[in-house]
Each structure stands twice: as structure tokens, then as C-alpha cells.
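J.: Show me the folded form of this:
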Amino acid sequence: METSGGERSFRGPPLRATLLCCLFMVMQGVDTFGISYVAPQLGADFGIAPAQIGLVFAASVVASLIGAIGIAPLSDRYGRRRVLLVAVLLTGAPSLFIPLTRDMSVLVMLRVIVGLGFGAALPVALALVSDFAPARFRSRLVTLTTTSIVVGMSLSGLAASLMVPRLGWPWLLYVSGAVSMVVVTLGFLLLPESRPAARRESSSAAP
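T.: Residues are numbered from 1 along each chain as shown. Prediction:
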């Protein structure tokens with residue numbers, strides 16, 4: 001995924017793209033890893049043995065690899081913005097449905113969808129930030145975007161410690177899913193689009 005942008009100022013679309021991509025990655029950390037904090041309670045309610053819970057998480061890990069290889073490169077053709085918003089939606093929406101099912105196969109399918117979204121979201125977000133970032137800030141902004149996932153993981157652990165004892169484990173997923181839908185809406189309204197790869201190549205080749 002190529003990058004664009006020389007010594008542009010870090011305001012307007014570049015600032016919006018960076019802030020939103022960091023926010024997306026925070027929610028990726030919450031939606032992807034938050035369920036690990038409630039795995040024992042979820043397994044007990046679903047009647048799933050600990051070994052089967054491990055299979056659920058393994059399915060999402062394998063799916064994330066598929067998302068990174070199979071979905072993320074589509075952003076070169078269809079645009080970073082479009083693919084990133086779909087990826088964030090794929091990661092967040094299943095959190096709203098996991099508490100509503102008690103079927104192991106459905107649970108695995110939902111976690112596969114989460115994995116696909118997570119695998120696609122990170123490389124596309126990094127590419128979008130790189131497309132907009134001024135050259136002198138690019139490496140730092142890419143690092144900030146990546147580490148935002150860790151922030152999301154930490155926030156989900158804090159939310160689990162405060163929410164689960166009072167409201168139960170489903171509410172952790174309901175809240176994270178709902179917040180992700182709000183974040184996707186913000187992205188739809190505010191996230192700028194970088195030029196597709198074909199147009200970047202043609203413009204760079206032009207005299």
C-alpha cells in the first residue's frame with residue numbers, strides 16, 4: 001500500500017484521518033479482546049467447556065490472518081475509507097449479537113467475522129494514516145495508531161471490572177458494540193478518503 005503526501009501541514013484531513021484511525025483502533029482492541037475478560041462467565045452461560053472456548057478464540061485469530069491477506073488489499077482498489085469502515089463494522093457489530101445466541105456454531109461464526117474485520121482494519125488504518133501524514137510525522141503517527149489497540153485492550157479490561165459485577169457480562173459486549181456503531185457513523189461523516197492506488201500511480205507518473 002503506497003503512501004502519499006509530502007511536507008503538508010498536520011491539520012484538516014490529515015488530523016481527522018489520524019484521530020479517527022486511532023479511535024477505530026481503540027475500538028478494535030475493545031471489540032476483539034474484550035470478550036477474553038468475560039470468557040469464564042460466557043462459557044458457563046453457554047455451557048461451553050474451556051477447551052471449546054479456546055477454539056472460539058483460535059477461529060478469530062485464523063480469520064484475522066485471512067482478513068489481513070484477503071480483505072485489506074482491496075483498499076488499493078476500492079479506497080481506504082470504504083474498506084476501513086466496513087472492517088470496523090465487521091469487528092463491532094458481532095458484539096451486539098453474541099449475548100443473544102447460545103449456539104456454539106453461531107458463536108464461532110460471529111468471532112470469525114470479528115477476526116476478519118480486525119485483520120483488515122489495522123493495515124488499512126495504517127495505510128490511510130500514512131497516506132495523509134506529513135513525512136516528518138509519519139512514523140510517529142503510524143506507531144500511535146498501532147498502539148491505540150493496546151489502549152482499547154486496557155479500556156476493555158477496566159470496563160469489565162466495573163461493569164460485569166454489576167450488570168453482567170453481556171453488557172460489556174452490548175456497550176462496546178453500540179459504541180463501535182457510533183464510531184462507524186462518525187467515520188462515515190468525517191473520515192477523508194485518500195486517492196486509490198491507480199490514481200496515485202498515474203498522478204506520480206505525470207510530468
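
J.: outside of stretch 102-119, which residues touch it?
T.: Under the criterion C-beta atoms under 8 Å, 6 or more residues apart in numbering, residues 28, 31-32, 35, 45-48, 52, 55-57, 59-69, 71-72, 86-95, 97-98, 101 lie in contact with stretch 102-119. Bear in mind the C-beta positions are built from the backbone N, C-alpha and C, glycine included.

J.: List the residues that contact the spatially most central residue of the chain.
T.: Nearest to the mean C-alpha position of the chain, by C-alpha atoms, centre = their mean, lies Q28 at 3.5 Å. When contacts are counted by C-beta under 8 Å, 6+ apart, Q28 touches 88, 91, 117-118, 121-122, 149, 152.

J.: returning to that earlier point: out of the contacts of stretch 102-119, which are buried?
T.: Using 16 or more other C-beta atoms under 10 Å as the burial test, the contacts of stretch 102-119 include 28, 31-32, 35, 46, 48, 56, 59-60, 63-64, 67-68, 71-72, 86-95, 97-98 as buried.

J.: Make TSV out of the contacts of Q28 and add pLDDT, secondary structure and distance to W169.
T.: Formatted as TSV, those follow (pLDDT from 0 to 100; DSSP: H, G, I helix; E, B strand; the rest coil; distance: C-beta to C-beta, whole Å):
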residue	pLDDT	secondary structure	distance to W169
V88	97	helix	23
T91	97	helix	19
G117	97	helix	21
F118	97	helix	20
A121	97	helix	24
L122	96	helix	26
I149	97	helix	22
G152	97	helix	18
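
J.: In CSV: these, plus distance to V142.
T.: Listed next are these as CSV, based on distance: C-beta to C-beta, whole Å:
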residue, distance to V142
V88, 18
T91, 20
G117, 20
F118, 18
A121, 14
L122, 11
I149, 13
G152, 17
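
J.: Buried only: go through these for me.
T.: Using 16+ other C-beta under 10 Å, the buried ones in the contacts of Q28 are 88, 91, 117-118, 121-122, 149, 152.

J.: Which one of the residues you listed is nearest to L158?
T.: G152 (10.7 Å; C-beta to C-beta).

J.: Return the residue spatially closest to that closest one, with its sequence-adjacent residues excluded.
T.: Excluding its sequence neighbours, the residue lying closest to G152 (C-beta to C-beta, 6 or more residues apart in numbering) is G29, at 2.2 Å.

J.: need the next SSE after the helix or strand where the one you found lies, C-terminal direction.
T.: G29 is part of helix 13-33, with elements assigned from DSSP states H and E. Sequence order places helix 39-46 as the next helix or strand after helix 13-33, per DSSP H and E.
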